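Peer 1: Sequence first, predicted model second:
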Amino acid sequence: MDPSGGCPHADNARLLARGAVAPVVLPGEIEGMVVLGHEALKEFLAHPEVAKNASHFTALREGRIGAGWPLLTFVTVQGMTTADGDDHRRLRSLVSRAFTARRVEELRTGIEELTESLLDDLDRAADTDAGVVDLRRHFALPLPMGVIGALFGVGAEYRDRLHHLSNQVVATDTGPEQAVAANRELVTVLAEIAAAKAEHPGDDLTSALIAARDEDGDRLSQQELIGTLVLMIIAGHETTLNLVTNAVRALCGHRDQLDLVRQGVADWGDVVEETLRWDAPVSYFPFRYPVRDLTLDGTVIPKGTPVLAGYSAAGRDPAAHGPDAHRFDVTRPGRPGAVRSLSLGHGAHYCLGASLARLEAGIALERLFTRFPDLDLAVPEAGLSRHSSFVGNSVRTLPVRLRP
């Protein structure tokens, strides 16, 4: 895997042509696998003999993973994404009530108001720089960070710092010292937030998690509290940030598809779903581990191997999406009874905030292109700098012109 990231789609196509499962070399010369095919990935994500807990990771157990390994947080953080069975259900239940369909719908008005405020800010920012503004910085980032920050009671003064640290944590090209420092600082910041909430609890999820820790330590340990905050705050804004960014890029590069939405042939929900499929916010998500040697699509994945979920590859798998899988098409029909993509997961670990991400992205795109119907990229797509990560899939900045 290229630790500097970049656009994954050409590599995905080459790998998919050879099979749905492929061996890869992770940073530190650690042998791993990636599942790329849609059907193979769907089977793998829900397989009863595939674990998330790092106790099944052979290289870690054998001491071959150092403290500065860039992917270590994904492996060792104590939270629902690294738990199985009863532990996973216990941790997930502590936050799941905030993401029910009813609770998410109750957030709609607040998201709409925040979106309009950010569009005002975006307009003002464009006035100061010859009409060009970084849409990612001024709109796609503060929207989900504001929403998840409000849910968890994280003050605005912490949000830029948390985003900066989460970028370092999910990067795959960091050196050992930088990786260790970023993880320590992230834990320190979240511990500060938790300590402040313990003294002055509010009507937010962090306060609720602290109450669960203090009232019954069997429900949540201190390490699990911090781990849950790490996972929810990073995943709660990075995924939607990339989703909105990638959707805007896709629509700017496919004006005919934008016209179909404006004509009512498709809706903004279709744009969100097609973006999730065509340019998934996450390329390769770490890790799952077979608890025994597992044969998947004719390929053996040895017990204890760290396996990446190849979401961006599965989204363009011709076997699942047809020979035009590489084409962005907001009118693409879904197969009966099937989701269009696996980009938000599948099975027991399906993304808890999927409905919130869809709601935020749909509102953001509708309001953005209604307010600025001629919005377009200010630089060619090829000139956009990509993430330094093979986990996140997007660009670092998105310079746009709001008006001709």
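Peer 2: Done, it's in.
Peer 1: Could you point out the helix or strand that follows the helix or strand hosting Leu60?
Peer 2: Taking DSSP states H and E as the definition, Leu60 sits inside helix 58-61. With elements assigned by DSSP H and E, the helix or strand that comes after helix 58-61 is helix 72-76.
Peer 1: hang on, the earlier thing: what does the helix holding Leu60 contact?
Peer 2: Helix 58-61 is contacted from outside by Ile30, Glu31, Ala54, Ser55, Ile65, Val75, Tyr289, Lys303, Gly304, Thr305, Pro306, using C-beta atoms under 8 Å, 6 or more residues apart in numbering. C-beta here means a position set from N, CA and C on the backbone, and glycine is covered the same way.
Peer 1: what's near enough to touch the spatially most central residue of the chain?
Peer 2: With distances taken as C-alpha atoms, centre = their mean, the residue of the chain nearest its centroid is Thr239 (2.9 Å). Taking C-beta under 8 Å, 6+ apart as the criterion, Thr239 is in contact with Pro144, Pro281, Val282, Leu344, Cys351, Gly353, Ala357.
Peer 1: what's the distance between it and Asp203?
Peer 2: The gap separating Thr239 from Asp203 is 25 Å, by C-beta to C-beta, to the nearest Å.
Peer 1: picking that back up, where's the helix holding Leu60 relative to the chain centroid, distance-wise?
Peer 2: 26 Å (C-alpha atoms, centre = their mean, to the nearest Å).
Peer 1: Where does pLDDT dip in the stretch 151-300 of the chain?
Peer 2: The stretch 151-300 of the chain contains residues with pLDDT under 70 at 216-218.
Peer 1: let's go with 90 and repeat that
Peer 2: Within the stretch 151-300 of the chain, the stretches with pLDDT under 90 are 151-187, 190-191, 193-194, 198, 202-238.
Peer 1: which residue ranges form the strands in this structure?
Peer 2: Using DSSP state E, the strands found in the chain span residues 21-26, 30-35, 50-51, 132-134, 284-290, 294-296, 299-301, 307-310, 376-377, 399-401.
Peer 1: gap between stretch 235-242 and the chain center?
Peer 2: Computed by C-alpha atoms, centre = their mean, the chain-centroid distance of stretch 235-242 equals 5 Å.
Peer 1: just to revisit the earlier point, can you list which of the contacts of Thr239 are found in helices?
Peer 2: Pro144, Ala357 (DSSP state H).
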